[in-house]
Each structure stands twice: as C-alpha cells, then as structure tokens.
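*Asks:* Here is my input; please provide its structure:
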Amino acid sequence: MDEIAFDSATGLAARLRAGEFSAVELAEHQIRRIEKYDGDINAVVVRDFERGLEAAREADRQLQSKSWDGKPLLGVPMTIKELYHVAGLQTTYGHPELKENVPDWDADAVTKHRAAGAVLLGKTNSPVDGGDFQTYNPVYGTTNNPFDPERTPGGSSGGSAASLAAGFAAVEAGSDIGGSIRNPAHYSGIYGHKPTWGIVPQYGHTATLLPNPQADLVVCGPMARSAEDLRLFLDITLGPEPLEAPGWRVELPEGRYESLSDFRVAIWPTDDNAPVSAEISDRINEVGRVLASCGAIVSDIARPDIDFRKSHEAYQNLLQSIMSAGVSPEQRKRNEARAASLDPNDLSDRAVLSRAMVLSHAGWLGANARRQRSRYQWREFFRDWDILICPQMATTAFKHDHSPFMQRTTLVDNVEQPYFTQIFWAGVVTSPLLPSTVFPTGLSGEGLPIGVQAVGDAYQDYKTIRFAELITQELGGFIAPPAYAD
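*Replies:* Residues are numbered from 1 along each chain as shown. Below is the predicted model:
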C-alpha cells in the first residue's frame, strides 16, 4: 500500500518535521496520484497545483529553520470542498452561470488551514447547491466512489470524501446541513465530524462574493482518515464568526476518557420512521457488543423522551426554509400551488416537504420552538448517557441515480423507500444542533464501507471524537480502497 498517501495528517506532519521527506516531495507525490487516478474518480475538480507547490517550497524553508510552532499542518497537503471560497479559484456551487464567480479572498477555513501550514492542492466536487446524497453537477460532472466507481461517494461533500479515500489529500473541510459530511464519510469509509452548530465559522462558505450571515443548521467541519485528525482540524478552525469575535470565544469541555469503559452508550439500530438495512442495524448491534466486552455501559432501549416523527417534521420545516430560500419567483409560485393542492390531512413525508418549501415566518417560528424544546429533551438524555450510536444512512453506497428527485427511491432490503426518508438519521442530530462523529466500522458483504454516528450533547465535540478514536482501535479504522492502494 502507498503508506504515504494514506497516512494521517498528524502522521505526515511529524514525518515532515523529522525530515523523512520534504514538503515539495510530498506535494509532488500527491499531485502524481491525482493525475494518475482522478480521471476515474473526478474528485479534485479545481486544481491549484502551481500555487500548492509554491506553498510547499515555503513550508520547506520553515521546516529547515524549524519554524513550525503554531503550524501543526506545516507542509501537509489538503483539498477543500468547492463551496468554500479560495482566492483566485472559481466557486460555482455546481451552476454553469457561476463559472466566472472568482473571489479575491479566502474562506475562514482556508485562512486558518493556511496559517496552520497546510498546502492546498485544489477544490473538490459537490452537487448543485450542496443539495443531494450524491455528487454530480453540470459544471464538473459526476464523482465516483473509490470502492466502486458505479456508486456514489455520497453528498454533498462527496468529492471531499473521495479525495481522502483515494489518498489524494490528508485532510478536508466539508459542510453539513442534512448529513453532507456524515453521509459521504459513511459511504466512503472515512471519518467525518458534524460540529455543534456555531462553533466553526461559516465565513466564506457561500456562492456569493459577499460574506453571508451564518445560516441556521449549516455547519462547517472536518473529514479525515483518523479521529485524531478530526480533533486537530477542530482545534484549528474553532471560533466565532468574524462579526462575533470581539465579544465571545469558544471553549469546549475536554473530559477525560482513557478507555471505552469510561463511556455510557445508548444503541439505536433502526427506527420505524426510517428503517435501515439489516446489515446496517446488525453492524450497530455488533458495535454495542464490542463496547460491552470492553467494559462500557450499554443500553439498546435508552432514548430521549421525544416524539421523533414530530421532531422530523420540525427539521424538514427548518431545512426546507433554507434550501428553498433562493428559488426563483416562478418556482416559488409552483411550490405554493403544489402545497395548496394537498389534502390538509396528508402528513406523508412528501406532503410535509412540499409545505415546508413555502413555510411562512410564523410557521418557521413554530418549528424553531419545537426544535428548542427538543434541545432540552436531548440535554436531559445526555445527563445519563455519553454517546448515542445510530445509523447515518439506510444502506451502503448506492449506484448513481440522476433521475428527478421526486422519482427516486432507495431499496432497503428489497423494500422501496422514498429517496429522502433516510434524511431522518441526519436530521435527528442536525435539528437540535448536536455534534456527531461518523466513524468506519469495516466493510459490508459487498466490500462497501459502513460508517455509523456517535452523537453527543451540544458542545461535547471532543467527547464524540475521542469515542470514535477509541472504538476504531477495536474495529480497525480506515481501510484503503483496493483499486487505489498501490
């Protein structure tokens, strides 16, 4: 296996400081991999190799003078999701009409990673507006899963996950509103962390060339091949939005968790609101058995005192208020007509979604109030439990499906579900603004990755990441896709 390409970011940083290879040699190595393999994957769609090599040369100058204090990623190659602004590179959100949308400033995540010494090699693919479980768009085309190119690597941070899984970069910045970090982490066999809302700035994560206000539900967060790297990314990017910086700071609780026996863990393998495949639920139960054998306190019946159907409806209202905010007036009228035609007693997922797309401000306030109540209920639950383990998606990575959204279905153990039913598992965490770390648990019978969520109380991000680090010491952690391991 190409052990340089698949080493962790922290491991590569240590090897650079030890002089095992230079930053330029490492950057050139990763560029060669992208040029060799990315034609099959299509992950790194905006390349910045020349400036990346210049940054690597500067990193070597600092490494030679041992000027690496405060630069934990000095010389380490990274890529970043296309939705982030990088000065001099286009940000299209998958829209052809935004091909000339080139900022002259960097997103907060880019600025902080550059300051930490990272070498940026390019931007990775995402679906249109970041709004899909798959990654394809009319600007850059389709991104394929390194474990099976006929399948999606997930979305919307699918290019990010594919870049990491194929060994193109050591760390990535993704973003998440409906599982867009966690879903690709699960499908592609890597680690992903959805932070507590508001602790990582969204500044520069926008299609416009002007800074936008911090959006509800949206988080920016890390994707990596190790839990240790998730923690490093979080330490680098943690902080307030620029407008808030004069008045407050972020300080997360540390906690002392030396072993899995220190944890109290609730196991939630499936739910009638969004049934998952037997292989997914069986894997979660197996994680529970591993935890019990390691001395953890484990329950398969503990749940928050929440009506999860109503919680999901509130999440859909909040989510679609964001996702539909930028539609054209003509599309808005069509959405209103569709919602008005519904039977008032129709409470199906499709009806809830249609009404949510034209929600009034008063309706949004009602959904927000329900969300706030659920946050208190989750807080009560986490007084007794440290971690909740649950699915991220209903199945392993599925084959590419570019049919219209409302025509898509998901086949779960030979039973068809509406495509968006599985967003339940992302929303149950997103709506109450909780942190969640997706970690790999090994491969399925078909050789596809299975990742699951470790959810914690708000601001307990270090706890969920530490848990992921400890449990994957038992389960094996990241596995390189066989076709790209050389």
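
*Asks:* What helices and strands are in contact with the helix or strand where residue 471 lies?
*Replies:* Per DSSP states H and E, residue 471 falls inside helix 461-475. Using 3 or more Cβ pairs under 8 Å, 6 or more residues apart in numbering; DSSP states H and E, the elements in contact with helix 461-475 are strand 191-194, helix 227-237, helix 278-293, strand 387-391, strand 436-443, strand 449-455. Quick note: C-beta positions are derived from backbone N, CA and C, even for glycine.

*Asks:* could you list every residue that touches residue 484?
*Replies:* 37, 146, 165-167 (Cβ atoms under 8 Å, 6 or more residues apart in numbering).

*Asks:* Pull up the gap between it and residue 141, please.
*Replies:* Residue 484 sits 19 Å away from residue 141, going by Cβ to Cβ, to the nearest Å.

*Asks:* same check, this time on residue 198
*Replies:* 34 Å.

*Asks:* Look at those two and report which has more neighbours.
*Replies:* Set residue 198 next to residue 141 and count neighbours by other Cβ atoms under 10 Å: residue 198 wins out with 17 against 12.

*Asks:* any idea how far the more buried one is from residue 21?
*Replies:* Using Cβ to Cβ, residue 198 is found at 39 Å from residue 21.

*Asks:* confidence score at the residue nearest to residue 176 when sequence neighbours are not counted?
*Replies:* In space, and not counting its chain neighbours, residue 176 is closest to residue 194: 4.6 Å by Cβ to Cβ, 6 or more residues apart in numbering. On the pLDDT scale, residue 194 is placed at 98.

*Asks:* And residue 331, by the same measure?
*Replies:* Confidence score, pLDDT, at residue 331: 81.

*Asks:* can you list the domains in this protein?
*Replies:* Taking automatic domain parsing as the reference, the chain has its domains at 9-259+478-484, 308-369.

*Asks:* and these, which one's lowest on average pLDDT?
*Replies:* domain 308-369 - the lowest mean pLDDT of the domains of the chain, at a mean of 86.

*Asks:* State the distance from the residue nearest to residue 388 when sequence neighbours are not counted to residue 426.
*Replies:* Once flanking residues are discounted, residue 388 sits nearest to residue 455: 4.3 Å by Cβ to Cβ, 6+ apart. Per Cβ to Cβ, residue 455 is found 11 Å from residue 426.

*Asks:* Same check on residue 140?
*Replies:* Note on residue 140: its distance to residue 426, by Cβ to Cβ, is 24 Å.

*Asks:* More neighbours: the two, which one.
*Replies:* For residue 140 versus residue 426, the count of surrounding residues by other Cβ under 10 Å is larger for residue 426: 27 against 22.

*Asks:* does residue 310 really touch residue 371, like I thought?
*Replies:* No. Between residue 310 and residue 371 there is no contact under Cβ atoms under 8 Å: 10.7 Å.

*Asks:* Quick one: the helices in the protein, in order.
*Replies:* 9-17, 23-41, 49-64, 108-115, 158-165, 182-188, 227-237, 278-293, 308-323, 329-340, 349-356, 361-384, 424-430, 461-475 (DSSP state H).

*Asks:* closest one to residue 216 among the ones you listed?
*Replies:* Closest to residue 216 of the helices of the chain, according to Cβ to Cβ: helix 308-323, at 6.2 Å.

*Asks:* quick one: the closest one to helix 329-340, angle?
*Replies:* Going by axes from the mean of the first three to the mean of the last three Cα atoms, to 10 degrees, helix 308-323 is angled at 160 degrees with respect to helix 329-340.

*Asks:* Show me which positions of helix 308-323 end up buried.
*Replies:* Neighbour-count burial for helix 308-323 flags 308, 311-321, 323 (criterion: 16 or more other Cβ atoms under 10 Å).

*Asks:* ok, now stretch 224-240?
*Replies:* By neighbour count on 16+ other Cβ under 10 Å, the buried set for stretch 224-240 is 224-234, 236-240.

*Asks:* Over to stretch 428-446?
*Replies:* For stretch 428-446, a neighbour-count test (16+ other Cβ under 10 Å) marks 428-441, 443-444 as buried.

*Asks:* Equivalent analysis for stretch 143-162, please.
*Replies:* Neighbour-count burial for stretch 143-162, with 16+ other Cβ under 10 Å as criterion, is recorded at 143-149, 151-162.

*Asks:* can you pull the contacts of residue 419?
*Replies:* 133, 405, 408-410.

*Asks:* For those residues, which single residue is the most surrounded?
*Replies:* If you count neighbours using other Cβ under 10 Å, the busiest of the contacts of residue 419 is residue 133, which has 27 neighbours.

*Asks:* my read: that one touches residue 153, true?
*Replies:* No. Under the criterion of Cβ under 8 Å, residue 133 is not in contact with residue 153, lying 10.3 Å apart.

*Asks:* rewinding a little: between the helices and strands packed on helix 461-475, which gets nearest to residue 69?
*Replies:* Nearest of the helices and strands packed on helix 461-475 to residue 69, taken as Cβ to Cβ: helix 227-237 at 14.2 Å.

*Asks:* Can you give the contact residues for the closest one?
*Replies:* By Cβ under 8 Å, 6+ apart, helix 227-237 touches 8-10, 72-73, 108-109, 112-113, 116, 170-171, 173, 191-193, 195, 200-201, 220-224, 437, 439, 461-462, 465-466, 468-469, 472.

*Asks:* what inclination does it have with respect to helix 108-115?
*Replies:* Using the same axes, to 10 degrees: helix 227-237 against helix 108-115 is 100 degrees.

*Asks:* Any idea how many residues pack against residue 401?
*Replies:* By the criterion of other Cβ under 10 Å, residue 401 has 16 neighbours.

*Asks:* Correction: the previous question concerned residue 271.
*Replies:* Going by other Cβ under 10 Å, the residues that sit close to residue 271 add up to 18.

*Asks:* ok, back up a step: so can I have a markdown table of the domains of the chain showing distance to residue 284?
*Replies:* Putting the domains of the chain into a markdown table (distance: least, Cβ to Cβ, whole Å) gives the following:
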| stretch | distance to residue 284 |
| --- | --- |
| domain 9-259+478-484 | 12 |
| domain 308-369 | 17 |
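
*Asks:* In contact with the residue nearest to residue 242 when sequence neighbours are not counted, which residues are there?
*Replies:* Nearest residue to residue 242, sequence neighbours excluded (Cβ to Cβ, 6+ apart): residue 203, at 5.6 Å. Contacts for residue 203 (Cβ under 8 Å, 6+ apart) come out as 107-108, 211, 241-242.

*Asks:* biggest separation within those residues, which pair?
*Replies:* Greatest spatial distance among the contacts of residue 203 (Cβ to Cβ): 107 and 241, at 12.1 Å.

*Asks:* Looking at the two now, which is surrounded by more residues?
*Replies:* A count of neighbours by other Cβ under 10 Å puts residue 107 above the other of residue 107 and residue 241, at 26 against 16.

*Asks:* Please report the distance of the closest residue in space to the more buried one that isn't next to it in sequence from residue 112.
*Replies:* Residue nearest to residue 107 in three dimensions, not counting chain neighbours: residue 204, with 2.5 Å by Cβ to Cβ, 6+ apart. Applying Cβ to Cβ, the value for residue 204 to residue 112 is 11 Å.

*Asks:* again with residue 71
*Replies:* 11 Å.

*Asks:* same question, residue 403
*Replies:* Taking Cβ to Cβ, one finds residue 403 at 39 Å from residue 112.

*Asks:* higher neighbour count, these two?
*Replies:* When residue 403 and residue 112 are compared for neighbours, residue 112 comes out ahead with 21 against 9, by other Cβ under 10 Å.
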